[in-house]
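# Pasting the sequence and the predicted model now:
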Amino acid sequence: QEYDKPAIKTAIPGPRSQELMAELSHVQLTKGMSYFVDFEKSLGNFIVDADGNVLLDVFQQIASVPLGYNHPALVKALQDPKNVSSFVNRAALGLYPPVSFLQDLKDALLSVAPPGLPEVTTMACGTCSVENAFKLAFMHYKAKQRGNPEPSLEDLTSCMRSQAPGTPPLTILGFERGFHGRTLGALSTTRSKAMARVDIPTFDWPKAPFPVLKYPLANYERENKAEEEKCLEMARQAIFDSNNAGKPVAGIIVEPIQAEGGDNHASADFFKSLQRIAKEFDALFIVDEVQTGCGSTGKFWAHEHWGLIEPPDIVTFSKKMLIGGFYHRPEIRVQQPLRIFNTWMGDQSKLVLLKEVVKVVREESLLQRVQESGRVLLNGLEHMQEKYPGLFSRARGVGTFCAIDCADADTRAEFLSKMKANGVEMGGGSGEVSIRFRPTLTFSQRHADILFEAMDKVASQM
Ligand SMILES: Cc1ncc(COP(=O)(O)O)c(CNc2csc(C(=O)O)c2)c1O
């Protein structure tokens, strides 16, 4: 059972965290770290730090904990003798899959696959899922252009010199303020913070602005529609220009909600139109659900809210799915072995845990709970912005994937720090001024009560 409420005994980080930080700083940079965590004592929606402080955690390891800390179903899976081998022996899944692999994929991943996407490849993290989704898009483009999935001899020789045709000038269209990872290809479409890009060579790929919506949505339907149309037209133009410049766009990548760039939303119509643009230019439609996937928006996949006629071509996932990877349409499966490949291709033990997560989500109707808790969370945020109009604005969200804007970056920093001192862990925010909520799928009314009591107390003192 979880803790009843937060309990703060020391400043955060406390003395024990500071001691551990000092020791660790001899080995690596510790500047970005918040505090050390006692993961044995952390339970459900509550995190316990090295100094015994208990906080309600609505950030959950950068939105990557689906059922909270030490969920009994996951602990039990680890204690089950038939699972030991999966944890002890890390299979090179691309070469030597365990006999249970297909059944594990079915139970953990295919049973929750986005509608219309029956194939899946596992990876280790979100970035490498995005990286390989791009590679799949490039291979698919070239196979179509050649009329043959097999590269030619000229392809194979020229690519060793990084020259066309074997090394094609293909690109991916991304959006301003998007986040898709930090390796060189993914980073080329990550445009949320300069510090993630500076000093690193990236591909100069085309980009388009992502809509900046006015809230409450009901009051600004016409303006928001115009804003979305403008962004779509600029995306179309960017693709047209890139194709004309001999840098064909092989894919478009977009997040259902830009989760690092400021929790930026767009309408279902926007995404349907974007899929039509992808089709119009024969580019793959890649939906990056690394942060929005696995239930936080009240549907298992955020893009299910759009009511697409056809599925996206690729959907990437990680974080709350405990394992990285991507679902894709059968037609774009890579044809040759060892092209979408790395040593481990994810981690079989994470499939064992994910099976349990999927079971709990189903047995405890957690998507229903996320929808209910999401209404409580959003209503509470709307109440906060009415009560403190000088502090908060633009309350928004789908399911419990919510956010609210602070007046400015300093106000946000002060607010988050005071919330921590009052027993609520909220992470560092999204974009310049947004506070984001990334609670577990078990977040419920009593957690919201604790959250809003603390928010009201902190806001009243600012
Ligand atoms: C939409 C989306 N796509 C890809 C990624 C990369 O996933 P990881 O490589 O971090 O697992 C992420 C990772 N999210 C993330 C949050 S803070 C952060 C960072 O590196 O600062 C990364 C994501 O939100």
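Now that the structure is in, tell me what you want to look at. Numbers count the residues shown, from 1 in each chain.

# Kindly report the residues of the stretch 151-300 of the chain close to the ligand.
Proximity of the stretch 151-300 of the chain to the ligand (C-beta under 6 Å from any ligand atom) is limited to residues Phe179, His180, Gly181, Arg182, Glu255, Ala259, Glu260, Asp288, Val290, Gln291. Bear in mind the C-beta positions are built from the backbone N, C-alpha and C, glycine included.

# Please name the nearest non-neighbouring residue to His140.
In this structure, His140 finds its nearest non-sequential neighbour in Ile332, 4.7 Å apart by C-beta to C-beta, 6 or more residues apart in numbering.

# quick one: contacts for that neighbour?
Neighbour list for Ile332: Leu136, Ala137, His140, Leu284, Asp313, Ile314 [criterion: C-beta atoms under 8 Å, 6 or more residues apart in numbering].

# The last one reaches Ala133, doesn't it?
Yes: taking C-beta atoms under 8 Å as the contact criterion, Ile314 and Ala133 are neighbours in contact, 4.7 Å apart.

# Residues that sit against both of those two, list them.
Gly251, Ile286, Phe326, His328.

# before we move on, back to that, filter the contacts of Ile332 to the buried ones?
Leu136, Ala137, His140, Leu284, Asp313, Ile314 (16 or more other C-beta atoms under 10 Å).

# pLDDT weak spots in the stretch 201-350 of the chain?
Across the stretch 201-350 of the chain, nothing is flagged by pLDDT under 70.

# centre of the chain versus the helix or strand where Ile286 lies, how much separation?
Element membership for Ile286 (DSSP states H and E) is strand 284-288. Here strand 284-288 shows a centroid-to-chain-centroid distance of 13 Å under the convention C-alpha atoms, centre = their mean, to the nearest Å.

# For the helix or strand following that strand, which helices and strands make contact with it?
As assigned by DSSP H and E, the chain's next helix or strand after strand 284-288 is strand 314-317. Here strand 314-317 touches helix 126-146, strand 284-288, strand 324-328, going by 3 or more C-beta pairs under 8 Å, 6 or more residues apart in numbering; DSSP states H and E.

# Which of the ones you listed sits closest to Tyr96?
Proximity to Tyr96 (C-beta to C-beta) singles out strand 324-328 among those, at 18.1 Å.

# Name the residues of the closest one that are buried.
Neighbour counts using 16+ other C-beta under 10 Å place Gly324, Gly325, Phe326, Tyr327, His328 of strand 324-328 among the buried residues.

# so how far is it off the chain centroid?
Offset of strand 324-328 from its chain centre (C-alpha atoms, centre = their mean): 13 Å.

# Please list the residues outside that strand that contact it.
The contact list for strand 324-328, computed with C-beta under 8 Å, 6+ apart, reads 109, 113-114, 117, 119-126, 128-129, 132-133, 136, 290, 313-318, 346.

# Give me the sheet partners of that strand and which way each runs.
When pairing is defined by DSSP bridges, strand 324-328 lines up against strand 119-123 (antiparallel), strand 314-317 (antiparallel).

# one step back: buried subset of the contacts of strand 324-328?
Neighbour-count burial within these applies to 109, 113-114, 117, 120-126, 128-129, 132-133, 136, 290, 313-318, 346; the criterion is 16+ other C-beta under 10 Å.

# Which residue ranges of the stretch 1-150 of the chain form strands?
46-48, 54-57, 119-123 (DSSP state E, counting those that start in this stretch).

# any chance of those strands in a markdown table, with mean pLDDT too?
Below are those laid out as a markdown table (pLDDT from 0 to 100):
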| stretch | mean pLDDT |
| --- | --- |
| strand 46-48 | 98 |
| strand 54-57 | 98 |
| strand 119-123 | 98 |
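
# which stretch among the ones you listed comes nearest the ligand?
If you check each of the strands of the stretch 1-150 of the chain against the ligand by C-beta to the nearest ligand atom, strand 119-123 wins as the nearest, at 9.4 Å.
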